[in-house]
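*Asks:* need a 3D model of the following:
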Amino acid sequence: MIAVVIPSYKVKKHILQVISEIGENVDKIYVVDDKCPQESGKFVQERCQDKRVTVLFNEINKGVGGAVKTGYKQAIADNCTIVVKLDGDGQMNPKLIPELIQPIINNAADYVKGNRFYFLNSLLKMPKMRLFGNSMLSLINKFVNGYWNIMDPTNGFTAISVETLKMMPLEKIENRYFFESDLLFRLGTIRAVVHDFPMHAKYEDEESNLKITKVLLEFPPKYMTRFFKRIFYNYFLRDFNIASIELLLGTIFFLLGTLIGIYRWYQSAVTGMTASAGTVMFASLPIILGFQLLLSALNFDIKNIPKK
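*Replies:* Numbering: from 1, shown residues only. Coordinates of the predicted model:
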């Protein structure tokens, strides 16, 4: 049984059109009114005749992630098998849902997400600031969640198997705009298989509620926390392999060489004596060795993407 979750916040203008384009292969549609000031949930109840639609209401505004989790929980309770997340602003084509869920039906993936970076003509239509921001977030997310084969991590057009959802600590996943990135991190900790789905996005008169200042101030510490958690979970808690050793030794050597170099530089500055070639090499060698070990660990991590 296929379900679609539509987080609804300030999308009253587009929501009915989005619902009308959802094909018959979908069994349930959950519209989640996230304390919308436009009362979009009530609007759907009054205007929509589609019997598949159930409107859920959050008593307080929880953000896009909180709204999606409300829909996820209802889908689990209703014994659905796959849940699609579809934005209500009309940027995503509901007719692509059958293709989006196919890898999950074929047992080839646990989670599938859209990728707006696949088609060049689609990229040319993307607002330049959004293109740059999404590119940077994609690179950072590769380090953080370990899915080096995935682009466009903040894309909200996704599908996930309910069996995978049941393994996820939903209450711990971020409620707001960090939701997609945090979900990928959680999927990485359980070694879920994630696929990209090439798609085109539409950019018309919809409003984005995400502010660049929020990203710059709130995202970096969250990325750092998740990165170190992933490394600990995957290379020290649940597994210990050659990359674990390379990470340990590489970090030790790199930090040791850096500290020695700083100390020798300070001595030279105080005494006015130029450091000898041997002294320079004594500091440089651990840094070079540590850097090589860390690069080797990175190479292992890139090849260690969950595939089965």
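*Asks:* from residue 70, how far off is residue 92?
*Replies:* Taking Cβ to Cβ, to the nearest Å as the criterion, residue 92 is separated from residue 70 by 19 Å. Using the backbone N, CA and C atoms, a C-beta is placed for each residue, glycine as well.
*Asks:* between the two, tell me which one has more neighbours.
*Replies:* The residue with more neighbours, out of residue 92 and residue 70 and counting by other Cβ atoms under 10 Å, is residue 92; that gives 26 against 21.
*Asks:* this protein - how does it break down into domains?
*Replies:* Recorded structural domains for the chain (assignment: automatic domain parsing) are 2-217, 240-303.
*Asks:* got TSV for those domains, with mean pLDDT and distance to residue 223 too?
*Replies:* Shown next, in TSV, are the domains of the chain (pLDDT from 0 to 100; distance: least, Cβ to Cβ, whole Å):
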stretch	mean pLDDT	distance to residue 223
domain 2-217	89	5
domain 240-303	89	16
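*Asks:* who wins for proximity to residue 230 among these?
*Replies:* domain 2-217 (5.9 Å; Cβ to Cβ).
*Asks:* for the closest residue to residue 260 other than its chain neighbours, give me phi and psi.
*Replies:* Counting by Cβ to Cβ, 6 or more residues apart in numbering, residue 260 lies nearest to residue 283, which is 4.4 Å off, once chain neighbours are set aside. Backbone dihedrals for residue 283, given as degrees, to the nearest 10, come out at phi -90, psi -40.
*Asks:* make sure residue 283 is actually in contact with residue 255.
*Replies:* No - proximity of residue 283 to residue 255 does not meet the contact threshold set by Cβ atoms under 8 Å, at 11.8 Å.
*Asks:* would you mind telling me which of these two has the busier surroundings?
*Replies:* Under the neighbour definition other Cβ under 10 Å, residue 283 and residue 255 were set side by side, and residue 283 has more, 19 against 13.
*Asks:* enumerate every residue touching that one.
*Replies:* Residues in contact with residue 283, defined by Cβ atoms under 8 Å, 6 or more residues apart in numbering, are 257, 260-261, 264.
*Asks:* and the residue nearest to residue 260, how far is that from residue 292?
*Replies:* From residue 283 over to residue 292 (counting by Cβ to Cβ), the distance is 16 Å.
*Asks:* spell out the secondary structure type for residue 4.
*Replies:* Reducing the assignment to helix, strand or coil with DSSP: H, G, I helix; E, B strand; the rest coil, the entry for residue 4 is strand.
*Asks:* same question for residue 298.
*Replies:* Counting by three-state DSSP, the backbone at residue 298 sits in helix.
*Asks:* need phi/psi at the residue nearest to the spatial centre of the chain.
*Replies:* Nearest to the mean C-alpha position of the chain, by Cα atoms, centre = their mean, lies residue 181 at 2.4 Å. Dihedral angles of residue 181 (phi, psi; degrees, to the nearest 10) stand at phi -70, psi -40.
*Asks:* so it touches residue 137, yeah?
*Replies:* Yes - with contact defined as Cβ under 8 Å, residue 181 and residue 137 form a contacting pair (7.4 Å).
*Asks:* so what sits against both of those two?
*Replies:* Applying Cβ under 8 Å, 6+ apart, one finds that residue 181 and residue 137 are jointly contacted by 153-154, 219.
*Asks:* just the helices in this structure please.
*Replies:* Secondary structure of the chain (DSSP state H): helices located at 15-20, 40-47, 63-77, 97-105, 120-125, 128-145, 162-166, 179-189, 212-232, 242-271, 277-303.
*Asks:* now distance to residue 34 too, for those, in JSON lines please.
*Replies:* As requested, those are exported to JSON lines (distance: least, Cβ to Cβ, whole Å):
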{"stretch": "helix 15-20", "distance to residue 34": "12"}
{"stretch": "helix 40-47", "distance to residue 34": "9"}
{"stretch": "helix 63-77", "distance to residue 34": "4"}
{"stretch": "helix 97-105", "distance to residue 34": "22"}
{"stretch": "helix 120-125", "distance to residue 34": "28"}
{"stretch": "helix 128-145", "distance to residue 34": "22"}
{"stretch": "helix 162-166", "distance to residue 34": "19"}
{"stretch": "helix 179-189", "distance to residue 34": "12"}
{"stretch": "helix 212-232", "distance to residue 34": "17"}
{"stretch": "helix 242-271", "distance to residue 34": "40"}
{"stretch": "helix 277-303", "distance to residue 34": "36"}
